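J.: what's the 3D shape of this:
(chains A, B and C)
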Amino acid sequence: MKLNRRQILLLLPAAAVAWDFVLAGNPESSPNYKMSDHWWGMLIDIAKCIGCGSCVRACAMENDVPEGYFRTWIERYHVADWHIENPQVDSPHGGMDGFPPGKTEDGKNFFVPKMCNQCVDSPCSQVCPVGATFHTPDGVVLVDYDYCLGCRYCIQACPYGCRFFHPKKHTADKCTLCYHRITKGLTTACCEACPTGARQLADLKNPNDPIHAFLKTHSVQVLKPHLATGSKLFYNGLDGSVR
Amino acid sequence: MEGFMYPNEVELQWSILIVLYPYLTGLVAGAFILASLERVFRVEEVKPTYRLALLTALAFLIVAPLPLQLHLGHPERSLEMYLTPHRSSAMAMFGFVYLWYLMVVLVVEIWLDYRRDIVRLAESSRGVRGLFYRILALGSYDVSPAALRIDDRVGWIITLIGIPSAFLLHGYVGFIFGSVKANPWWSTPLMPVVFLFSAMVSGIALVLSMYMLTCAMRHVAVDMRCLDTIAKYLFYTFVIDFALEMLDLIHRIYESDESFRSLDFMVHTRLFYSQILIQIFLGTLAPLALLSFTQVITFSVAARRRIYAMASVLTLVGIFAMRWNVVIGGQLFSKSFLGYTTYKMSFVTREGLLPAVALMILPFVILYVLIKILPPWQEEHPVVAEAHGDD
Amino acid sequence: MGEFKDIAHLIRLAGVFLFGLILFLVFRAVTIPKSFGQYGPFRGAALVELSSRPLAFAGHEACENCHPDVAELKAKGVHKSINCESCHGPLAKHADDPGNVKPVLPDVAQLCIRCHSENIAKPAGFPQVNVKEHFAGQACNTCHKPHSPGFDVGAKK
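T.: Residues are numbered from 1 along each chain as shown, chains lettered A, B, ... in the order given. This next block holds a predicted model:
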């Protein structure tokens, strides 16, 4: 795109406004962000996920996720007929490079994006011996990289497999719900990159957030409800075969 | 990797060092409980092993935190567990249970039991050695009958408190695993109980072997009444331990919940050697059979000694295999129940086999030093060559 | 009171323990991070640290502020709900310094395939093509405008 001088003169202040918007505050110094006004969750719509892997790549770029480890990943399910207890699942490189075409077999096929469930009663923070993984007042489960001992008890305790041991930091690590973005009024990197709107950040405390209407009109599920983790990752149209 | 695993699950988080840790603390709890049999329950027969059992427990308890330190991503931050313990975390609370047991139970009990010897050595030794014993005596040289009576009384109370403390010490380790609802191989209320009884079994077997070994090294006759009693307690404890493990197994097979198929496959394939062959056959059924023979058939002294030695070695190997099967086994299957991974144990790295072997040898080195500093035996026994073939 | 003599060593022992406890409490008071417990059982300063990470993605509003014409074009087509950086990659550095940091245009051949190559698990109504059969050899934007795809042979924007 070629710009003439006039257009550049108009664009630079617009860029400055845009950047200010991008940089606005952190929980303590931002007058615009009050933790007690928010309660974060996420909605994933299985019917819309096309398994392109954009979310996995975006997360890795936004958060410097080390190669071979995943803060979010996509699984592809094949469920033959009525065998919902024996699905065939694959996740090549976490779905980061998309998926191979797949065999045309009788049955159901679909993608399931996975990530930290930001549980209200998270087993991970329950078992942390020192308080290095914790709940923020706005409902996000985070890891304090300067305090974590690297004992890996939290990784063992997470039922969803969303935690890993960071090979360079030597601490536990996981999805932070892009805390550095959502506290600035932006959405998470994965939601920003998703082309179909399968992933949507939700602020459960905001009465205007579309999730409230969605929850009232759709059948939503959480993963492993029998473990009562208080998961805030809601799935629309999650098949019974999904583990 | 076989089948499907969540991408972050393929690599194991807890290595052989974390297998070693419950093994070491288990030996401590078991050795202490054997010692407390004499002190609290007045089982006179095991008196020859009293001090040895206490020193063994101390040597192993000193080494117990070392595998954890080697495993941590940031060992320099480990003190945080004492500074800001997270009260809902079993691991954090265990730090205090460990400290309580080490300082208040074990060290105080040993100090009280040895005080007369410490004072004697403080008064008779010279130089650095003398200074060491004088510090150990805390500058107090009162060994009057009244003082010793009070020591005995306080020691009795400490041992009494020590028994539930020992139960807590190793039961807690079982709870650290048993309370993880995410892992069906670990999550069962039986876990602390199974851990505790297998700890007692391994601890008793250790003291039995150490007693036989130290007698052989000192060219002193083994007190067969003592040995027979220890073997009897080993047998009873083993029966309970075996019953508990069978209960867990039968319950799992019968209920057959969503994890069962995956775990069953894992046991028959990935854990075949360590669980079926080593833990169950070699490590449980064989020593149980050997010990039960000695309870119903009268063998000669030499035969009994050999049977007890064999049974205790097999037991020690079997209980190590049990720890391996719990810790490593719990990480070999996917929480999606659709796949399996393998444990690639390295050799010379921080969490490899070599440090693990070194940490297994270290307690014996420390025990040797402790025996030199605080001799468990009065050397007024005449030195007797081992008698062969008599009853 | 004579019994006091007999338990003197126990009192010394208790003294050692008490000294140890006091030492521990002092050490604890000095070493615990100041912000610990501010919002809960964790180091409060961590919240500031974790929310101060630099951004890699600028967010679509930042793009639309400077490029309203593209935004308008996109809003009319079937790609209207796709955010700019979904295809163009993270551009916070470009938004910060548009003059000096130039974004690299994505490789069309790889980009379009990721979403549109046919896959058994994609939702049935989603436009998918068998890449080899669809139009072998040519770049997708020979016929389709990425910002507003619709069949239009010859157009490149």
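J.: Spell out for me which residue occupies the centre of chain A.
T.: By C-alpha atoms, centre = their mean, chain A has its centre lying nearest to A:M115, at 4.9 Å.
J.: any idea how far chain C is from the closest residue to that residue other than its chain neighbours?
T.: Nearest in space to A:M115, with sequence neighbours left out and distances taken as C-beta to C-beta, 6 or more residues apart in numbering or on different chains, is A:T72 at 4.0 Å. Bear in mind the C-beta positions are built from the backbone N, C-alpha and C, glycine included. A:T72 sits 14 Å away from chain C, going by C-beta to the nearest C-beta, to the nearest Å.
J.: My guess is C:R43 contacts C:I32. True?
T.: No. In this structure, C:R43 is not within contact of C:I32 by C-beta atoms under 8 Å, at 9.2 Å.
J.: which of the two has more neighbours?
T.: Using other C-beta atoms under 10 Å in any protein chain shown as the criterion, C:R43 and C:I32 rank with C:R43 on top: 25 against 14.
J.: Show the model's pLDDT score for the more buried one.
T.: At C:R43, the model reports a pLDDT of 95.
J.: in which helix or strand would I find the residue lying closest to B:P65 once chain neighbours are set aside?
T.: The spatially closest residue to B:P65, leaving aside those adjacent along the chain, is B:Y98, at 7.4 Å (C-beta to C-beta, 6+ apart). Assigned by DSSP states H and E, B:Y98 belongs to helix B:90-99.
J.: Can you name the residue of chain C nearest chain B?
T.: Relative to chain B, the nearest point of chain C is C:H9 (3.7 Å; C-beta to the nearest C-beta).
J.: excluding its backbone neighbours, what's nearest that residue?
T.: C:H9 sits nearest to B:S140 (C-beta to C-beta, 6+ apart), 3.7 Å away.
J.: burial count for the one you found?
T.: That count, for B:S140 with other C-beta under 10 Å as the rule, works out to 18.
J.: B:S144 now?
T.: Count around B:S144 with other C-beta under 10 Å applied: 11.
J.: likewise C:T31?
T.: 11.
J.: Also A:D90?
T.: Neighbours of A:D90 using other C-beta under 10 Å come to 16.
J.: shouldn't it be in contact with B:M5?
T.: No. Under the criterion of C-beta under 8 Å, A:D90 is not in contact with B:M5, lying 10.6 Å apart.
J.: Residue 214: which element?
T.: Since you didn't name a chain, this refers to chain A. helix A:210-217.
J.: you looked at the wrong chain, it should be chain B
T.: Here B:T214, judged by DSSP H and E, is contained in helix B:190-218.
J.: Give the buried residues for that helix.
T.: The neighbour-count check on helix B:190-218 (16 or more other C-beta atoms under 10 Å in any protein chain shown) flags B:191-212, B:214-215 as buried.
J.: so what's C:T142 scoring on pLDDT?
T.: 84.
J.: now the one 4 residues further on
T.: pLDDT for C:P146: 88.
J.: That one: what secondary structure?
T.: For C:P146, the assignment made with DSSP: H, G, I helix; E, B strand; the rest coil gives coil.
J.: how many other residues sit next to the closest residue to chain B within chain A?
T.: Here chain A gets closest to chain B at one residue, A:G150, 1.8 Å apart by C-beta to the nearest C-beta. Neighbour count of A:G150, defined by other C-beta under 10 Å: 20.
J.: can you pull the contacts of it?
T.: Applying C-beta atoms under 8 Å, 6 or more residues apart in numbering or on different chains to A:G150 gives the contacts A:165, A:170-172, B:72-74.
J.: Looking at the residues you listed, state which has the most neighbours.
T.: Neighbour max across the contacts of A:G150 (other C-beta under 10 Å) = A:A172, 27 neighbours.
J.: Tell me the bridge partners for that residue.
T.: Note on A:A172: beta-bridge partners by DSSP bridges are A:F165.
J.: Which pLDDT value goes with it?
T.: So A:A172 comes in at 98 (pLDDT).
J.: so who does it touch?
T.: A:132-133, A:143, A:148, A:150, A:152, A:154-155, A:163-166 are the contacts of A:A172 under C-beta under 8 Å, 6+ apart.
J.: export those residues to TSV and tack on secondary structure and pLDDT?
T.: As requested, the contacts of A:A172 are arranged in TSV below (DSSP: H, G, I helix; E, B strand; the rest coil; pLDDT from 0 to 100):
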residue	secondary structure	pLDDT
A:A132	coil	97
A:T133	strand	97
A:V143	strand	98
A:C148	coil	97
A:G150	coil	97
A:R152	coil	97
A:C154	helix	98
A:I155	helix	98
A:R163	coil	98
A:F164	strand	98
A:F165	strand	98
A:H166	coil	98
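J.: Helix or strand next in line after the top helix by length along chain C, which one?
T.: The longest helix of chain C (DSSP state H) is helix C:8-31. Following helix C:8-31 in sequence order, the next helix or strand is helix C:45-51 (DSSP H and E).
J.: and that following helix, what does it pack onto?
T.: strand A:141-143, helix A:179-182 (3 or more C-beta pairs under 8 Å, 6 or more residues apart in numbering or on different chains; DSSP states H and E).
J.: same thing but at 10 Å, please
T.: Using 3 or more C-beta pairs under 10 Å, 6 or more residues apart in numbering or on different chains; DSSP states H and E, the elements in contact with helix C:45-51 are strand A:133-135, strand A:141-143, helix A:179-182.
J.: and it, which residues are buried?
T.: Neighbour-count burial for helix C:45-51 [16+ other C-beta under 10 Å]: C:45-47, C:50-51.
J.: Need the per-residue pLDDT for the closest residue to chain A within the stretch 1-150 of chain B.
T.: Nearest to chain A in the stretch 1-150 of chain B, going by C-beta to the nearest C-beta, is B:G73, at a distance of 1.8 Å. In this model, B:G73 is scored at 95, pLDDT.
J.: Where does it sit, in terms of helix or strand?
T.: Using DSSP H and E, no helix or strand contains B:G73.
J.: Next one: it relative to B:V180, how far apart?
T.: 19 Å (C-beta to C-beta, to the nearest Å).
J.: Might you report the residue contacts of A:M96?
T.: Contacts for A:M96 were tallied using C-beta atoms under 10 Å, 6 or more residues apart in numbering or on different chains; they are A:53-57, A:59-60, A:65, A:67, A:70, A:72-74, B:7.
J.: Could you tell me the phi and psi values at it?
T.: As for A:M96, its main-chain torsions (degrees, to the nearest 10) stand at phi -60, psi -30.
J.: Get me the contact residues on chain C for chain B.
T.: Contacts of chain C with chain B, taken as C-beta under 10 Å from any C-beta of the partner chain, map to C:2-3, C:5-13, C:15-17, C:20, C:24, C:27-33, C:36-37, C:41-43.
J.: Count the residues that sit near A:G94.
T.: Applying other C-beta under 10 Å, I find that A:G94 has 24 neighbouring residues.
J.: can you give me the strands for chain A?
T.: A:40-45, A:72-79, A:88-90, A:108-115, A:133-135, A:141-143, A:164-165, A:172-173, A:199-203, A:220-221, A:233-236 (DSSP state E).
J.: Select, out of these, the one closest to B:Y21.
T.: Nearest to B:Y21 among those is strand A:164-165 (17.8 Å), distances taken as C-beta to C-beta.
J.: Would you mind pulling the contact partners of the closest one?
T.: A:65-66, A:68-71, A:148, A:150, A:152, A:154-155, A:158, A:171-174, B:6-11, B:13, B:73.
J.: ok, of those residues, which come out buried?
T.: A:65, A:69-71, A:148, A:150, A:152, A:154-155, A:158, A:171-174, B:6-11, B:13, B:73.
J.: How about the residue of chain A closest to chain B: what's its closest non-neighbour residue?
T.: Per C-beta to C-beta, 6+ apart, closest to A:G150 is B:G73, 1.8 Å.
J.: end to end, how far does stretch A:131-145 reach?
T.: 11 Å (C-alpha to C-alpha, to the nearest Å).
J.: buried sites along stretch B:354-363?
T.: For stretch B:354-363, the neighbour count (16+ other C-beta under 10 Å) marks B:355-356, B:359, B:362-363 as buried.
J.: To clarify, my last question referred to stretch B:118-133.
T.: B:118-119, B:121-122, B:133.
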